[in-house]
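A.B. asks: Okay, sequence plus prediction incoming.
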Amino acid sequence: MKMASGETEYLIPEHYGNKISTVDNEGKRKWIYAFKPKGKFYKYRTWLSWFYMALLFGLPFVKINGKPFLLLNIPKGEFILFGKMFFPQDFIILGIGMVLAIVFVIVFTLLFGRVFCGWVCPQTIFLEMMFRKIEFMIEGPAHVQMKAKKQKIKPKSYYFKKTLKHIIFYLLSFLIAMTFLSYIVGIDVILSAIKEPTKHWIAIIGLLAFATVFYFVYAYVREIACTVICPYGRMQSTLMDKKSMAVAYNYNRGEPRGRKRKGKEDELGDCIDCGMCVNVCPTGIDIRDGLQMECVNCTACIDACDDMMRRVNKPERLITFATEHQLETNTVGEKSLDLRSKLLLTLLIVLTAGFTAFMVTLPVFDSTVLRVPGQLYQEGQDGTISNLYKIKIQSKSPKDLPYSLAVKEENAQIEFVGTKLDSLKSGQLSEEIFFVRFPKGELEQRKTKINIQIKSGDKVIQNKKVTFLNGY
Ligand code: SF4
Ligand code: SF4
């Protein structure tokens, strides 16, 4: 099959789309021994992954006024985001968040393809930056591992190394399970379970179950999670178009590929067919076959190819970030952000900034104020008109706060029926019933909108408009 692209005709391999890189011709699993990449992108990914891991493992310990910064306690229906508390009745916020997240993912993928998978997804970060590095340390580089596996009679050291590696893998999986569960039940519960396992045996069973799942994912399932199981990966073909950025082989420059021979340099493209881009690929694909769903955009092949290009004195980025449109029009490296991309990028920034601002500025009290049904108005002997109201209020603050009610309009008075609250505990849900009184004649309309102010100290947290009924 040939594909025209600018002046170059690029031969698409016959097997393109017909084979899975991790399955051999007999349908058996082909184990991927990915070589350790070396280069600029790998260095950036390593730094990013250190930051990411510090954040992931450290965040459960971050508390604001004794409450976790982030907690998603689904069994108890208690959620803490950005240090603010949310409850099942706040599902609308969760709904908005989920819709925005879906829009974000669609727009992000349309722009940058599967970059998230290679640079942010915990599956890739943990596998490549933690488990595979430990494997290299214990079993040696990929070619040594391959050779050891092929030995018919394996030495004792082979089994010793394998056992040691799997023990460390399980311990790390246990640590990941602890972190993961601490986002659900809180780090204090997890630490108590570790200290006194007999008292918290249910938590220990949960930890062991999750640790076992993580162990199998990182020790055996590996790239299959990205190439077969992950739904996000399966949706790539629908989320990306010809203008989406992705790691791509610039066939205009590289083809026809081949080992350079003296006197025949001009007949060949820049690809020397060294195969290093395939050797480093954690999903086992050959990026020169074209854009593939299995590519997690980890950029290891860019680093490997750049290294080769430097050795043969050719310009770097034979494998690079490019759109399919750029490849077809032979404009790789030229203006990559067209108007459409700029608009989508702006949308991404607005969505992120808007939702963050929305979350940060959410009031610490959530309340509903209603006139008590069945009551119109009461005329007092002191010459006042009053209406009866009920407030339902919940604190979303991680700390206890002072609380009071006031009416914004002048000459109004508030009189509480029963207990008057002075403060709200963190997460407390309460009700109050109160009269609002005005001197007769103060309000001229039969129905007037008045403002009930919900305060914490001197600060007005919410202003609720309610109807006040007059006698006229
Ligand atoms: S093709 Fe390149 S970017 Fe894609 S997964 Fe393989 S090494 Fe990573
Ligand atoms: S690393 Fe670069 S030069 Fe080597 S085979 Fe891959 S694309 Fe060709």
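C.D. replies: Everything's here; your move. Ligands and ions are numbered 1, 2, ... in the order given.

A.B. asks: what about the closest residue to Ile393 other than its chain neighbours, which SS state?
C.D. replies: Closest residue to Ile393 apart from its sequence neighbours, by C-beta to C-beta, 6 or more residues apart in numbering: Ser367 at 4.2 Å. To be clear about C-beta, it is placed using only N, CA and C from the backbone, and glycine gets the same treatment. Assigned state for Ser367: strand (three-state reduction, DSSP: H, G, I helix; E, B strand; the rest coil).

A.B. asks: residues in contact with His166?
C.D. replies: Counting by C-beta atoms under 8 Å, 6 or more residues apart in numbering, His166 touches Ala219.

A.B. asks: try 10 Å
C.D. replies: With contacts defined as C-beta atoms under 10 Å, 6 or more residues apart in numbering, His166 is in contact with 138, 215, 219.

A.B. asks: same deal with Ile138?
C.D. replies: Listed by C-beta under 10 Å, 6+ apart, the contact set of Ile138 reads 145, 160-166, 168-169.

A.B. asks: do Val312 as well
C.D. replies: Residues near Val312 by C-beta under 10 Å, 6+ apart: 260, 270, 272, 274.

A.B. asks: could you flag which of these are buried?
C.D. replies: Neighbour counting by 16 or more other C-beta atoms under 10 Å classes 270, 272, 274 among these as buried.

A.B. asks: average pLDDT across the helix or strand containing Thr448?
C.D. replies: Secondary structure assignment for Thr448, by DSSP states H and E: strand 447-456. Averaging pLDDT along strand 447-456 gives 92.

A.B. asks: list the helices and strands that strand packs on?
C.D. replies: Other elements packing on strand 447-456 under the criterion 3 or more C-beta pairs under 10 Å, 6 or more residues apart in numbering; DSSP states H and E are strand 365-371, strand 384-395, strand 401-402, strand 404-407, strand 429-439, strand 459-469.

A.B. asks: again, 7 Å this time
C.D. replies: Packing partners of strand 447-456 (3 or more C-beta pairs under 7 Å, 6 or more residues apart in numbering; DSSP states H and E): strand 365-371, strand 404-407, strand 459-469.

A.B. asks: My understanding was that Ser379 contacts Asn387; is that so?
C.D. replies: One thing to correct before we go on: residue 379 is Glu, not Ser. No: look at Glu379 against Asn387 with C-beta atoms under 7 Å: they stay out of range, at 11.3 Å.

A.B. asks: From Lys440, how far off is the residue located most distally from the centre of the chain?
C.D. replies: What lies farthest from the middle of the chain is Gln381; by C-alpha atoms, centre = their mean that is 62.8 Å. As defined by C-beta to C-beta, to the nearest Å, Gln381 lies at a distance of 11 Å from Lys440.

A.B. asks: where does Thr198 fall, phi/psi-wise?
C.D. replies: Per-residue torsions, Thr198: phi -70, psi -30 (degrees, to the nearest 10).

A.B. asks: Next, count neighbours for Phe216.
C.D. replies: Neighbourhood size, Phe216 [other C-beta atoms under 10 Å]: 13.

A.B. asks: following the host helix or strand of it, which helix or strand shows up next?
C.D. replies: In this structure, Phe216 sits in helix 201-216 according to DSSP H and E. Sequence-wise, the next helix or strand downstream of helix 201-216 (DSSP H and E) is helix 224.

A.B. asks: Enumerate the positions of the following helix or strand past that next one that are buried.
C.D. replies: Going down the chain from helix 224, the next helix or strand is helix 231-234, by DSSP H and E. Neighbour counts over helix 231-234 (16+ other C-beta under 10 Å) mark Gly233 as buried.

A.B. asks: Point out the other helices and strands that helix 231-234 packs with.
C.D. replies: Helices and strands touching helix 231-234, as assessed by 3+ C-beta pairs under 7 Å, 6+ apart, are absent.

A.B. asks: got a list of contacts for that helix?
C.D. replies: Residues outside helix 231-234 that contact it (C-beta atoms under 7 Å, 6 or more residues apart in numbering) are 117, 226-227, 293.

A.B. asks: Repeat the analysis, applying 8 Å as the threshold.
C.D. replies: Contact with helix 231-234 is made by 105, 114, 116-117, 226-227, 293-294, 296, as judged by C-beta under 8 Å, 6+ apart.

A.B. asks: Dump these to a markdown table, plus pLDDT and neighbour count.
C.D. replies: What follows is the contacts of helix 231-234, written out as a markdown table (pLDDT from 0 to 100; neighbours: other C-beta atoms under 10 Å):
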| residue | pLDDT | neighbour count |
| --- | --- | --- |
| Val105 | 83 | 14 |
| Arg114 | 84 | 28 |
| Phe116 | 87 | 16 |
| Cys117 | 91 | 21 |
| Cys226 | 90 | 25 |
| Thr227 | 87 | 23 |
| Met293 | 84 | 18 |
| Glu294 | 88 | 20 |
| Val296 | 92 | 28 |
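
A.B. asks: Which of those fall in strands?
C.D. replies: If you go by DSSP state E, the contacts of helix 231-234 have nothing in strands.

A.B. asks: How about the residues of this structure by ligand 2?
C.D. replies: Within the chain, the positions lying close to ligand 2 (C-beta under 6 Å from any ligand atom) are 249, 254, 257, 271-277, 288, 304-305, 308, 318-319.

A.B. asks: which of these sit farthest apart?
C.D. replies: Across the residues of the chain next to ligand 2, the longest distance by C-beta to C-beta is 14.9 Å; it joins Arg257 and Ala304.

A.B. asks: On the three-state scheme, the residue in the stretch 351-472 of the chain that ligand 2 sits nearest to is what?
C.D. replies: Using C-beta to the nearest ligand atom, the closest approach of the stretch 351-472 of the chain to ligand 2 is made by Thr352 at 35.1 Å. Taking three-state DSSP as the rule, one finds Thr352 in the helix state.

A.B. asks: likewise Thr320?
C.D. replies: When classified by three-state DSSP, Thr320 comes out as strand.

A.B. asks: pLDDT wise, what is the residue lying closest to Pro37 once chain neighbours are set aside at?
C.D. replies: Nearest residue to Pro37, sequence neighbours excluded (C-beta to C-beta, 6+ apart): Ala300, at 3.9 Å. At Ala300 the predicted local confidence, pLDDT, stands at 96.

A.B. asks: If we only consider the contacts of helix 231-234, which is nearest to ligand 1?
C.D. replies: When those are compared against ligand 1 (criterion: C-beta to the nearest ligand atom), the nearest one is Val296, at 4.6 Å.

A.B. asks: and the closest one, what is it in contact with?
C.D. replies: So Val296 contacts 114, 117-118, 121, 124, 226, 233, 282-283 (C-beta under 8 Å, 6+ apart).
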